[in-house]
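Trainee: kindly generate the corresponding structure for this input.
(2 chains)
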Amino acid sequence: NAGVTQTPKFQVLKTGQSMTLQCAQDMNHEYMSWYRQDPGMGLRLIHYSVGAGITDQGEVPNGYNVSRSTTEDFPLRLLSAAPSQTSVYFCASSYSGLDTQYFGPGTRLTVL
Amino acid sequence: AQTVTQSQPEMSVQEAETVTLSCTYDTSESDYYLFWYKQPPSRQMILVIRQEAYKQQNATENRFSVNFQKAAKSFSLKISDSQLGDAAMYFCAYSRETSGSRLTFGEGTQLTVNP
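Mentor: Okay, the predicted model is just below:
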């Protein structure tokens, strides 16, 4: 198993550009989540999904969109990047809501 | 809303000694889960230990143990026989039983292990 994979590892964007952060898992996990980590802060939940076709907002959803068309993939879209979205983004997955979450290696995003 | 607070931004310990990291949380729920995650410089989030709120017995994983005080809403992590590889950022996290994959994290404690 590859576990939870994220691409790209690093990305630099200009303000106003759009992009998609990719997340995939090969463990047949139902639950997938996106978090952001800012300096000096813990991870904060952006969006999450409890299964294909079902998504919901987390603590800091503004400026981000998600969709879950398959069990394996949970992409995070930045529609119009802003400097405030400079952060490290983590994707996580788990088999059920009560199970341990597995985290991906993270994507470091810089918005100039 | 649930909150998680780690009041120690930085801690240090001598190799082979014991260190305790503090965490408090606020919730109105009776059933929930608490976690400690380790984040080394590689940035990878690694689960250290997990505690179910309905269990009175404190969780233990090798050199790592917790002191869970439900009434006080306190969840501290004790690392015994500290090793150089324990140096990392440690995050306390909370999850409600019915919230699926949603975790609420504290701000983190940077642990330094001195040889």
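
Trainee: okay, which residue is most central for chain A?
Mentor: Closest residue to the average C-alpha location of chain A: A:W34 at 3.1 Å, with Cα atoms, centre = their mean.

Trainee: and if you look at chain B?
Mentor: Central residue of chain B (Cα atoms, centre = their mean): B:W36, at 3.1 Å.

Trainee: what's the closest non-adjacent residue to that one?
Mentor: Leaving aside its chain neighbours, B:W36 sits nearest to B:V48 (4.3 Å; criterion: Cβ to Cβ, 6 or more residues apart in numbering or on different chains). For every residue, glycine as well, the C-beta is placed using N, CA and C.

Trainee: ranges for the strands of chain B?
Mentor: Along chain B, the stretches classed as strands by DSSP state E are B:3-5, B:10-14, B:19-21, B:24-26, B:32-39, B:46-52, B:60-61, B:64-69, B:74-79, B:88-96, B:104-105, B:109-114.

Trainee: got the contact list for the longest one?
Mentor: Contact with strand B:88-96 is made by A:42-43, B:2, B:4, B:6, B:21, B:23, B:25, B:27, B:29, B:31-41, B:45, B:48, B:75, B:77, B:102-106, B:108-111, as judged by Cβ atoms under 8 Å, 6 or more residues apart in numbering or on different chains.

Trainee: list buried residues within the residues you listed.
Mentor: Buried members of the contacts of strand B:88-96, scored by 16 or more other Cβ atoms under 10 Å in any protein chain shown, are A:42-43, B:2, B:4, B:6, B:21, B:23, B:25, B:27, B:32-39, B:45, B:48, B:75, B:77, B:102-106, B:108-109, B:111.

Trainee: re earlier: can I get the strand or helix carrying the residue nearest to the centre of chain A in CSV? Just the C-alpha atoms.
Mentor: Per DSSP states H and E: A:W34 is located in strand A:31-37. The C-alpha coordinates for strand A:31-37 follow below in CSV (Å, rounded to 0.1, in the frame of the first residue of the first chain):
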residue,chain,number,x,y,z
TYR,A,31,-13.2,9.2,5.5
MET,A,32,-10.9,11.8,4.0
SER,A,33,-10.0,15.3,5.2
TRP,A,34,-8.0,18.3,4.3
TYR,A,35,-6.1,20.4,6.9
ARG,A,36,-3.9,23.4,6.7
GLN,A,37,-1.0,24.1,9.0
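
Trainee: that strand pairs with which strands, parallel or anti?
Mentor: strand A:43-51 (antiparallel), strand A:87-94 (antiparallel) (DSSP bridges).

Trainee: distance between the longest one and the chain's centre?
Mentor: By that I understand strand A:43-51. A distance of 7 Å separates the centroid of the chain from that of strand A:43-51, by Cα atoms, centre = their mean, to the nearest Å.

Trainee: for A:Y95, see how far away the residue of chain B found nearest chain A is.
Mentor: Closest to chain A within chain B is B:F105: 3.1 Å, counting by Cβ to the nearest Cβ. Applying Cβ to Cβ, to the nearest Å, the value for B:F105 to A:Y95 is 21 Å.

Trainee: what do you get for B:F75?
Mentor: For B:F75, the distance to A:Y95 - Cβ to Cβ - is 24 Å.

Trainee: again, but for B:K70
Mentor: Taking Cβ to Cβ, one finds B:K70 at 26 Å from A:Y95.

Trainee: A:G51 and A:T71 touch, don't they?
Mentor: Yes - contact criterion Cβ atoms under 8 Å: A:G51 and A:T71 qualify, at 7.3 Å.
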